[in-house]
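Q: Quick one: sequence and predicted model below, then my questions.
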Amino acid sequence: MRIAFDGVTLAFGRLVVFDGLTVEFSSGRSTAIVGSNGAGKSTLLKLAGQFTEPDAGSVKAFDGATELLRADFRKRLAMVSPTMSLYARLTGEENLKFFAGLRGVGIDDVGGLFERVGLASGDGKKFVGEYSTGMAQRLKLAILLSTGADVWLLDEPGANLDEAGRSMVLSEIERAAGEGKLILLATNDPIEASAADERLSLTR
């Protein structure tokens, strides 16, 4: 799997976020997208996932030499971001099964997924409205893991997590890259950035 940016330009009014950006990301690698607030880290992830169209240039996804249609590419990616909303009146387990079901994925071992992201077995029976911000972030990561996606787009994945939680995120990223997944993470955390295989620095 490859995601190729070719001469990408994007502006919001007079604010030019990207001006002729050309870069390629490949499977089996994690890339940290770093830069000051407002440099375009989250926007780059949206472009990579084809959620946002550039003003000029192109963003294409390839499986080998074959360009993937947007609909086919979307089926193979998953994203975790601060704007991802969970359902407060559903339990953690119900949220997990709901989002996995949207992808046509059945989950046989909910407890195993919860344990993997550092949630207690009983947390799955609690309403998400009762979750702390850290628990909610762990649940988002459990949802990501449940999809089996080939491409991970992670926007501040360690946000609201303690040291153990951030270590879990780094371990999962390393494992995923080892399994041949393509991982892009937008981060201001120097530890997350240094743990990635590659780094792309954005400047304003």
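A: Done, it's in. Because the structure is predicted, anything quoted here is derived from the model rather than measured. Numbering: from 1, shown residues only.
Q: Endpoints of stretch 71-87, how far apart?
A: One end of stretch 71-87 sits 25 Å from the other (C-alpha to C-alpha, to the nearest Å).
Q: Okay, and the beta partners of residue 5?
A: Beta-bridge pairing for residue 5 (DSSP bridges): residue 23, residue 59.
Q: ok, it touching residue 57?
A: Yes: Residue 5 is in contact with residue 57 according to C-beta atoms under 8 Å; the separation is 7.0 Å. In short, each C-beta sits where N, CA and C put it, glycine included.
Q: Quick check: neighbours shared by those two?
A: When contacts are counted by C-beta atoms under 8 Å, 6 or more residues apart in numbering, residue 5 and residue 57 have 21-22 as shared neighbours.
Q: Okay, helices next: where are they in the protein?
A: 41-48, 70-74, 92-102, 110-116, 133-147, 163-178, 190-195 (DSSP state H).
Q: check contacts around the spatially closest residue to residue 73 that is not a sequence neighbour.
A: Leaving aside its sequence neighbours, residue 73 sits nearest to residue 61 (C-beta to C-beta, 6 or more residues apart in numbering; 4.3 Å). Contact analysis of residue 61 by C-beta under 8 Å, 6+ apart lists 1-4, 50, 67-68, 73, 151.
Q: Recalculate using a threshold of 7 Å.
A: 1, 3, 68, 73 (C-beta atoms under 7 Å, 6 or more residues apart in numbering).
Q: So which of those sits lowest on pLDDT?
A: Ranked by pLDDT, the contacts of residue 61 bottom out at residue 1 (93).
Q: So that residue sits against residue 179, correct?
A: No: the criterion here is C-beta atoms under 7 Å, and residue 1 misses it with residue 179 at 11.9 Å.
Q: Nearest to residue 30 among the helices of the chain would be which one?
A: helix 163-178 (4.8 Å; C-beta to C-beta).
Q: residues making contact with the closest one?
A: 28-30, 117-118, 134, 138, 141, 152, 157-158, 161, 183, 185, 192, 195, 197.
Q: hey, C-alpha coordinates of it in CSV?
A: The C-alpha coordinates for helix 163-178 follow below in CSV (Å, rounded to 0.1, in the frame of the first residue of the first chain):
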residue,chain,number,x,y,z
GLU,A,163,2.5,7.1,30.6
ALA,A,164,1.3,3.5,30.4
GLY,A,165,-1.3,4.4,27.8
ARG,A,166,1.2,6.2,25.7
SER,A,167,3.5,3.3,25.9
MET,A,168,0.6,1.0,24.7
VAL,A,169,0.1,3.3,21.7
LEU,A,170,3.7,3.1,20.7
SER,A,171,3.7,-0.7,21.1
GLU,A,172,0.6,-1.0,18.9
ILE,A,173,2.1,1.3,16.3
GLU,A,174,5.3,-0.8,16.2
ARG,A,175,3.4,-4.0,16.0
ALA,A,176,1.2,-2.6,13.2
ALA,A,177,4.2,-1.5,11.1
GLY,A,178,5.7,-4.9,11.6
